[in-house]
Structure formats: structure tokens, C-alpha cells
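Trainee: Got a predicted model here, sequence first, then my questions.
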Amino acid sequence: MNKIITNIIDLIKDNKAILEKIKKEDDEIFAFEFDINRLLDMLSNYKNVKCKQTKPKKIFVSSLGNPYITLMLCIETIFHNCELVLGIQEICYGLNVALVKIVQDSLKEQKMHIKISLKMNVGKKELETENWDKIICLGNSNDYMNLRKLEGFEVKYVPFFDIVLYYDSIEFEELVETLRNFAIQNLCEIEIFDETEDFEEVIYEINHTLPKFCAVILSKDMQKQERFKKEIGSHVVCVNQNPFHKFEIKIPEEIF
């Protein structure tokens, strides 16, 4: 993997000014906080990682369009020797296209025959015309609800950076608004329950609807805190904590 990772890093550095210009254009639709140095650090973690000898698969992944996740999905696709079609919305579209193009150019330079492509607003009819080994909705519940009854295919929802939050006092409202805005700015789905909701029903809803990557409770009630920690089955459970400090962009293994 070293050669391909080094090549992608070099291409990103060489195209830094272009990527920053595209980012500004994307900001006219949605202002996403993007740091090229963070992206390069994430790529560096893949150095010295050996490719997996897995059976090639054709995978469709629907995501919310976070550019960091887009690039990591591309790298994992190379790592697993698969074919990836990534479906996103209009948000950060220019930046996503540019990053996928850099990966495509690097694959061509290294003479690696791995197909990676990006499409916008992919619907049922388009998906039904092709053969897929996997169709994944990655932290994108809206797409999952639209695609889950796709004829001839199993569509899987994989929770990723999506959040459910419960708070039981107006004193937390300012913090809730801060977390809500941060989630939106970082392209994370967030669902919020407040003190008007029955706590029993909140626990049931969290555990019996679509699974969430992260569940947060803001409460001074010790009994509620303990029940939340014991009964909620999310990947990350936070009690009176900022959940984003615990987030690490690591692509779930079940995608590949």
C-alpha cells in the first residue's frame, strides 16, 4: 500500500490550492470545515498496511458526503481490492469529486485495476439495473428508508457518526443546540429527545428503531444515567459528555 498512499498524498499536496478553491465554491451551498493536513494525517496511517486478499466485490455505499469519509472509503476499497460506487448528495460535491479523481489518477499511475466512482442522487431504478454484492447506507437513514425495499437486493444500514440525544432539563438547551449545530456542520445525522418525552419510550425508541452510532444523555438524574449506560446498545454511549471527542474516522469492517 505504501506506493499508492504516498502517491495520493503527493497528489493532494500538489493540488492543495485547487482543493481549497473548490472548497470555497462548495461553501456557497454548505460550509463544511475541511483541513487538508488532517486528511494527510489520516492517509499516513495507512502506510505499511498490507492489502487484504479478499474476493473482489462490487459495492454501492450511500453516505452523507463527508469528504474525509469519502477518501477513507476509497482507500479501504483499494485495501480490499473491491469495486466501489459511492452515492452522495449535493453537499461538498465538488470536493468529493476532486478527491475521488485524485484516487483514480493515482490508481492509473500505479497500474492498479480497481474501479472507484462517485454518483449524485442515486435512486432505486438506477441501482436495480446493475448487479451488486452489497448495498450499504452508511449513517444515512433517509437513503436507507428510500432504498430498503429495493427489488432483488438486500440493503443494509450501517450506523456511522449518527447520533441520538436525550436531555431532561432546559438548562441543557444551550449545549444541545451547540451539539446539534456541530453535528449538522460535520454531516452527522442527529435525532433529539427532550424532557417532554417519556424516558421509557426514549430507551425503547433508541434500541428498537435504526441503530445509532452514538447515544448521548444529558441529565443530572443518576438513575437515568445508569439505565442509559446499561440498556442502550449504541457503539458509543456518552453521559453528560461531548460525543465528538470520542469519534474516530474508522470505516466499519462490515462494508467490505
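Mentor: Now that the structure is in, tell me what you want to look at. Numbering: from 1, shown residues only.

Trainee: where do the helices sit along the stretch 1-150 of the chain?
Mentor: Here the stretch 1-150 of the chain has its helices, by DSSP state H, counting those that start in this stretch, at 2-14, 16-27, 36-44, 67-80, 93-109, 124-128, 141-147.

Trainee: Show me which residues of the third one are buried.
Mentor: Of the residues in helix 36-44, those with enough neighbours to count as buried (16 or more other C-beta atoms under 10 Å) are 39, 42-43. For glycine as for every other residue, the C-beta is placed from the backbone atoms N, C-alpha and C.

Trainee: Restricting the selection to alpha carbons, write it to PDB.
Mentor: C-alpha atoms of helix 36-44 as PDB (Å, rounded to 0.1, in the frame of the first residue of the first chain):
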ATOM      1  CA  ILE A  36      -6.100  19.200   4.300                       C
ATOM      2  CA  ASN A  37      -3.400  18.500   7.000                       C
ATOM      3  CA  ARG A  38      -5.900  16.300   8.900                       C
ATOM      4  CA  LEU A  39      -6.600  14.500   5.600                       C
ATOM      5  CA  LEU A  40      -2.900  13.800   5.100                       C
ATOM      6  CA  ASP A  41      -2.500  12.600   8.600                       C
ATOM      7  CA  MET A  42      -5.400  10.100   8.100                       C
ATOM      8  CA  LEU A  43      -3.800   8.800   4.900                       C
ATOM      9  CA  SER A  44      -0.400   8.400   6.600                       C
END
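
Trainee: Distance check, the closest residue to residue 110 other than its chain neighbours against residue 179.
Mentor: The spatially closest residue to residue 110, leaving aside those adjacent along the chain, is residue 4, at 5.3 Å (C-beta to C-beta, 6 or more residues apart in numbering). Residue 4 sits 37 Å away from residue 179 when distances are taken as C-beta to C-beta, to the nearest Å.

Trainee: For the two, indicate the residue with more neighbours.
Mentor: Neighbours of residue 4 and residue 179, each counted by other C-beta atoms under 10 Å, are more numerous for residue 179; the result is 23 against 20.

Trainee: which residue packs closest to the more buried one, ignoring adjacent ones?
Mentor: residue 165 (6.5 Å).

Trainee: pretty sure the one you found is in a strand, no?
Mentor: Yes. According to DSSP: H, G, I helix; E, B strand; the rest coil, residue 165 belongs to a strand.

Trainee: hey, what's it bridged with?
Mentor: residue 192, residue 216 (DSSP bridges).
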